[in-house]
Structure formats: structure tokens, C-alpha cells
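Chemist: here is a sequence together with a model predicted from it:
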Amino acid sequence: MTSRYFKPATFLQTIFILALTLGVQVKAAYSPVRSYQGSTFFDKWDFYGDVDNTTWGNVTYLTREAAASTNLAYINSAGNAIMKVDNTTTIAPAALVHRNSIRITSQDTYGTGNIIIIDALHIPYGCSVWPSFWMFGIGPMPQGGEIDVIEAINDMSNNQYALHTAGSCSHVGNNNQTGNTLSTDCSQGSGCTVAENKPNSFGAGFGQAGGGVFATQIDVSGVYFWFWNRPDIPADIKSATSTSTIDPSNWGIPSASYPLACNYSQNFAPQQLVFTTTLCGVWAGVPGIYQATCPGGGSGPDSCATENVIGPGSPKFDNAYWEVAYVKTYIAAGSQPGAPSASGAVASIPSSSSSPLATGSASGSSGSSGSSSPNAGVRMKTGYEMVLGMLTGAVLMGMVL
Ligand SMILES: *[C@@H]1O[C@H](CO)[C@@H](O)[C@H](O)[C@H]1NC(C)=O
Ligand SMILES: *[C@@H]1O[C@H](CO)[C@@H](O)[C@H](O)[C@H]1NC(C)=O
Ligand SMILES: *[C@@H]1O[C@H](CO)[C@@H](O)[C@H](O)[C@H]1NC(C)=O
Ligand SMILES: *[C@@H]1O[C@H](CO)[C@@H](O)[C@H](O)[C@H]1NC(C)=O
Ligand SMILES: *[C@@H]1O[C@H](CO)[C@@H](O)[C@H](O)[C@H]1NC(C)=O
């Protein structure tokens with residue numbers, strides 16, 4: 001029997017559905033900020049144009065012009081960005097040698113409220129090769145903090161995630177992650193590190209499997225990393241358009257979860273994205289470390305450089321190249337560049353209402369000079385908490401009637 005009068009039950013159902021809809025929107029809404037892709041991939045990056053004077057590898061990072069004229073940075077016929085180590089030059093023995101390579105830094109900065117997605121088909125690998133896709137805060141390292149998304153060396157087969165902070169900050173235990181925590185103190189030399197457990201996250205296997213996608217969520221509560229081989233990429237990422245939103249709560253358990261036992265904005269300045277490929281240097285070239293995955297390598301203090309960098313470039317560096325389909329950046333609903341962010345933190349993140357976390361600046365606008373100071377603010381509820389609150393409210397109301 002129908003009534004032409006307004007029925008309380010229907011009204012409540014409407015509220016319930018509305019709450020669900022709103023909740024899902026709050027939870028889901030990470031909107032596109034920028035897509036570095038195709039013919040314009042290199043437009044919003046700066047080329048380093050100097051020797052590696054930060055990790056002391058035996059490379060010279062070319063300027064944009066030199067990179068283009070030597071064909072070490074270009075867009076291939078598939079529309080993907082290639083960044084490679086020179087494999088066409090024979091380098092004569094000398095006391096100090098540098099092989100040409102590429103380091104680029106984004107002009108945009110990113111912070112809490114942002115998600116950064118990279119789809120790559122090939123990551124550089126081989127003895128002496130040290131590639132990284134990472135982020136660092138403006139200012140001398142590691143004062144501005146550092147977030148390492150893709151980083152491994154020599155013949156390692158698994159990717160390693162890391163955070164670096166100047167001040168005391170640790171990777172707290174009981175993480176809902178699929179990777180293995182290797183070290184928990186983010187202020188020590190290697191940072192706080194987590195090893196990827198899924199197959200084909202680095203090395204020859206990565207390219208042979210068709211590459212994959214890494215996603216990094218920077219939230220007021222911490223930093224979260226996911227990796228998928230190509231067949232497992234979530235639908236919202238795989239079928240993303242220039243306007244569609246993405247929703248990390250559908251992505252499953254992160255590979256590395258870093259709920260932080262420190263104040264994010266005090267430890268991380270707005271972050272610039274960086275691609276580097278160096279050779280040897282203070283990680284890949286350390287004698288004991290070099291020998292560990294490059295058997296047969298000499299144990300001399302400079303064996304990595306003398307056995308690899310010197311001599312012909314091919315075939316040693318034929319696999320020392322990035323092939324990147326895109327880097328896409330997103331921002332949480334309600335976040336304004338420089339304003340506190342409402343985040344869609346994944347459901348697994350413990351509510352941090354008991355720990356005093358403040359929001360940092362949610363950047364992602366173009367051309368930031370990096371002078372924008374971290375913007376303190378009140379931590380807003382996560383989407384998950386909002387959904388939970390609304391559902392509980394609706395259910396309670398339904399029970400009352
Ligand atoms: C590296 O070289 C660049 C360009 O010359 C310079 O601006 C920068 O300060 C140097 N960095 C270090 C750590 O020496
Ligand atoms: C490689 O670079 C390091 C750091 O600059 C340097 O100490 C070393 O001598 C170099 N090795 C060669 C063979 O050029
Ligand atoms: C350099 O490596 C590429 C693959 O990255 C390969 O196609 C090319 O033949 C190599 N160059 C030389 C001179 O061997
Ligand atoms: C871990 O995260 C997944 C995916 O977000 C979630 O379904 C699961 O309940 C979480 N587990 C714990 C113990 O928090
Ligand atoms: C976190 O650090 C920022 C920047 O120094 C500061 O403004 C804010 O009050 C801190 N938050 C808490 C809860 O200590």
C-alpha cells in the first residue's frame with residue numbers, strides 16, 4: 001500500500017544511501033593533478049647537468065640539451081620516456097672517470113594529500129647500476145626528508161622502499177604490509193627500509209614480466225607504497241582517464257606501510273620527484289656490497305668503477321635504462337595546495353587520533369619554488385572514519401525507528 005505522505009522509513013533509507021554515497025566519495029576522491037606522459041613527459045623537469053656529487057657515483061648527469069643530442073633521454077615510438085646510461089662510449093682507464101647518465105627533478109612539489117603513481121616497463125639494472133625513483137624535500141638532505149619509491153642496486157632482484165629523516169622518526173611496528181621491514185630507524189644511514197616481497201619488482205624480472213606500477217600515498221598519518229605486476233594493476237589505475245578519481249582503499253594491503261611515529265610536516269618538506277641512474281657510488285660501489293650480488297667482482301676499494309665504468313659501454317649497460325609509460329599525481333578531495341588535507345587513508349591505517357599528527361602542506365600545484373612552508377593544521381578524519389561514523393549513525397537511527 002502506498003501513501004502519499006512522507007514515510008519516515010523511506011526518509012531514513014534516503015539518508016542512509018546518501019551517507020553511503022557521500023562516504024564513498026570522500027573515501028574515493030583522489031583527483032588528477034598532473035600526468036607526465038608522452039611527448040610532454042620531460043617538460044616539467046630540470047636536468048641536473050653536473051657530476052654525481054650527492055652519491056659519488058662515476059657518472060655525469062647531462063643537461064637537457066646534451067641528453068637530447070646524445071639520445072640518452074627521449075620519447076620512444078611507443079610514446080614512453082627513455083632515460084639511459086651511455087652504452088656507446090668506450091672509456092679509457094684514468095684515475096677519475098664518469099660515464100654519461102640522466103638525473104631529472106620535477107618542478108612540482110608534493111606532500112600530504114598526494115598520491116604519486118609510476119607505470120614503468122623497464123628499470124635500469126646490472127652490476128654497478130644504481131637506479132632510483134625517489135623524492136626529497138627542498139633544502140640540504142636529509143633535513144627536508146626523503147621518500148624512496150624504487151631503489152635497488154647491482155643484481156638485486158627485489159625493490160626496496162625507504163624513508164629518510166634528519167630527526168628521530170621510526171617505522172612503527174605492527175604494520176599491515178606485505179613487504180619485510182629491514183630497518184626501523186629512519187634517521188640512520190640507509191633510512192628505514194622495507195623489502196618488496198612480490199616477484200619481479202626489480203632487475204631483469206621486472207622488464208621480462210612487462211613491468212608494473214608503483215603507487216605512493218603521502219598521508220598525514222604516514223607514507224604507504226603499493227606495487228603490482230602488470231596483470232594485477234587495480235582497475236581505477238589501469239583505466240584512469242584525465243578526470244577519473246582513484247581510491248586506495250580498493251588496492252589491498254600495501255607492500256610497505258609507514259604509519260609514522262613522528263610529525264610528518266616537521267620531518268618532510270614539500271617533495272620533488274627525482275629519477276636517477278648512477279654507477280657505483282656510496283651504495284652500489286661499496287666493496288662488500290658490490291661483491292655480494294656481482295660474484296667475481298674484485299674486492300679492491302674501486303673495483304666497481306674499474307671493472308664496469310671503464311671500457312666499452314656495451315653490453316654492460318645495455319639494460320641500464322628506464323622506460324616509463326607515465327608518472328601521474330593525484331590529490332585528496334578537500335585538499336588545497338598549501339592547505340590541510342582530508343585524506344582517503346587506507347582502512348588499515350590505525351586511527352591516529354590518539355597520536356598528535358598535524359597535516360603538512362598538500363602541494364601539487366605547478367611551479368612551486370619550494371618556499372611554501374609546511375602548513376600546520378588540524379588533522380581531519382580519514383575517509384574511512386567518516387564512512388564508519390555515517391554508517392553507525394544511519395544504523396542507529398534505523399534501530400530507533
Ligand atoms: C652539486 O653540484 C651542484 C651544481 O654545481 C651544486 O649546486 C650543489 O650544491 C652540489 N651539491 C653538493 C652536495 O655538493
Ligand atoms: C669513481 O668515483 C669515485 C667518487 O668520485 C672516485 O673516488 C673513484 O676514484 C672513481 N673511480 C674511477 C675509476 O674513476
Ligand atoms: C645499447 O643498449 C641498447 C638497449 O638499451 C641496444 O639496443 C644498443 O644496441 C646498445 N648499443 C650498443 C652500441 O651496443
Ligand atoms: C589490512 O589492510 C587490508 C586492506 O586495506 C584490510 O582489508 C585489512 O583489514 C587490514 N588488516 C588489519 C589487521 O588491519
Ligand atoms: C607538527 O609540526 C608542525 C611544524 O613544525 C607544527 O606546526 C605542529 O604544531 C606540529 N604538530 C604537533 C601535533 O605537534
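Modeler: Received, thanks. Ligands and ions are numbered 1, 2, ... in the order given.
Chemist: which strand in the protein runs the most residues?
Modeler: Secondary structure of the chain per DSSP state E: the longest strand is strand 321-332.
Chemist: in this structure, where is pLDDT below threshold?
Modeler: 1-28, 139-142, 174, 335-401 (pLDDT under 70).
Chemist: which phi and psi does Met54 have?
Modeler: Heads up, residue 54 is Thr, not Met. Phi and psi for Thr54, reported as degrees, to the nearest 10, are phi -120, psi -40.
Chemist: which secondary structure state does Asn53 sit in?
Modeler: Per DSSP: H, G, I helix; E, B strand; the rest coil, the secondary structure class of Asn53 is coil.
Chemist: for the stretch 1-150 of the chain, what lies in contact range of ligand 3?
Modeler: 87-88 (CB under 6 Å from any ligand atom). Heads up, the C-betas are built off the backbone N, CA and C, glycines and all.
Chemist: interface residues of the stretch 1-150 of the chain facing ligand 1?
Modeler: 50, 53-54.
Chemist: just the buried residues from the residues you listed, in ChimeraX please.
Modeler: Buried residues among those (16 or more other CB atoms under 10 Å), as a ChimeraX selection:
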select :54
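Chemist: got TSV for the residues of the stretch 1-150 of the chain next to ligand 1, with distance to Gly212 too?
Modeler: Below are those laid out as TSV (distance: CB to CB, whole Å):
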residue	distance to Gly212
Asp50	31
Asn53	32
Thr54	27
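Chemist: distance to ligand 5 for the residues of the stretch 1-150 of the chain next to ligand 1 - can I get that in JSON lines?
Modeler: Shown next, in JSON lines, are those (distance: CB to the nearest ligand atom, whole Å):
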{"residue": "Asp50", "distance to ligand 5": "32"}
{"residue": "Asn53", "distance to ligand 5": "30"}
{"residue": "Thr54", "distance to ligand 5": "26"}
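Chemist: any chance you could map the strands in the stretch 101-250 of the chain?
Modeler: Per DSSP state E, counting those that start in this stretch, the stretch 101-250 of the chain carries strands over the ranges 103-110, 114-122, 129-137, 146-151, 160-164, 180-183, 192-195, 212-219, 222-229.
Chemist: where do the helices sit along the stretch 201-350 of the chain?
Modeler: Ranges of helices in the stretch 201-350 of the chain, per DSSP state H, counting those that start in this stretch, are 203-208, 235-238, 264-267, 281-284, 287-293, 303-304.
Chemist: quick check: closest non-adjacent residue to Thr243.
Modeler: Pro32 (6.6 Å; CB to CB, 6 or more residues apart in numbering).
Chemist: for this protein, which residue gets nearest to ligand 3?
Modeler: Here the chain gets closest to ligand 3 at one residue, Ser314, 3.2 Å apart by CB to the nearest ligand atom.
Chemist: measure the residue lying closest to that residue once chain neighbours are set aside to Pro295 for me?
Modeler: Spatial nearest neighbour of Ser314, chain neighbours left out: Asn87 (4.5 Å); criterion: CB to CB, 6+ apart. From Asn87 across to Pro295, the span is 22 Å (CB to CB, to the nearest Å).
Chemist: near ligand 2 at all, stretch 57-67?
Modeler: Yes - judged by CB under 6 Å from any ligand atom, stretch 57-67 and ligand 2 are in contact via Asn58.
Chemist: burial of the residue nearest to Ser314, as a residue count?
Modeler: 18 (other CB atoms under 10 Å).
Chemist: do the same with Ala92
Modeler: 7.
Chemist: find the nearest non-adjacent residue to it, please.
Modeler: Excluding the flanking residues, the one nearest Ala92 by CB to CB, 6+ apart is Ile310, at 7.3 Å.
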